[in-house]
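Visitor: Requesting a structural model of the entry that follows:
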Amino acid sequence: MSGVSLPEFPTGKEFEEYISAILQVSGNYIERNIIDRQGVEVLELDIVATQYNNRLPDIRLFEVKSKEWHFADLFKLRGWMDYLNFDSATFIANGSKDNSDKFKEIANKLNTTAPHDYELS
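Guide: Numbers count the residues shown, from 1 in each chain. You can find the predicted model right below:
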């Protein structure tokens, strides 16, 4: 008889689906993998979550990385915020970096929340 074990923590596209599920069960309306095509692919948004608990909807952009991520990802997220006229965004990463304090400092300057480390095993 074999024992029961939990599946490994999700990676890749499954990690993005995992984060989407967390946001959805938290009462958000979720839109995933939104592609802006204007003759060419301009951008692809991982998750747009809308919370309708307030008088006005609270719409938030989420960028999810399960593997390698860099400072450039924050600046890309900030550019999308400006292009789409979002007030805030959140960067979610699986794992942490040696320079995570500096990463969080720059994220705050860019008006993004980042990174949320989901390093579970």
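
Visitor: and residue 22, backbone torsions?
Guide: Residue 22 adopts backbone torsions of phi -60, psi -50, taken as degrees, to the nearest 10.

Visitor: need the strands for this structure, in chain order.
Guide: Assigned by DSSP state E, the strands in the chain fall at 28-37, 41-51, 58-65, 89-93, 112-117.

Visitor: Please dump those into TSV; it should also carry mean neighbour count, distance to residue 82 and mean pLDDT for every row.
Guide: Glycine gets a C-beta too; all of them are placed from N, C-alpha and C. Putting these into TSV (neighbours: other CB atoms under 10 Å; distance: least, CB to CB, whole Å; pLDDT from 0 to 100) gives the following:
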stretch	mean neighbour count	distance to residue 82	mean pLDDT
strand 28-37	14	14	89
strand 41-51	16	12	87
strand 58-65	19	11	89
strand 89-93	23	10	86
strand 112-117	19	11	58
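
Visitor: And those: which comes nearest residue 79?
Guide: Residue 79 lies closest to strand 41-51 among those, at 8.7 Å (CB to CB).

Visitor: now for that closest one, which elements pack on it?
Guide: Other elements packing on strand 41-51 under the criterion 3 or more CB pairs under 8 Å, 6 or more residues apart in numbering; DSSP states H and E are helix 13-25, strand 28-37, strand 58-65, helix 71-84.

Visitor: I'd like the ones you listed written out as JSON lines, with distance to residue 109 added.
Guide: Below are those laid out as JSON lines (distance: least, CB to CB, whole Å):
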{"stretch": "helix 13-25", "distance to residue 109": "24"}
{"stretch": "strand 28-37", "distance to residue 109": "26"}
{"stretch": "strand 58-65", "distance to residue 109": "17"}
{"stretch": "helix 71-84", "distance to residue 109": "9"}
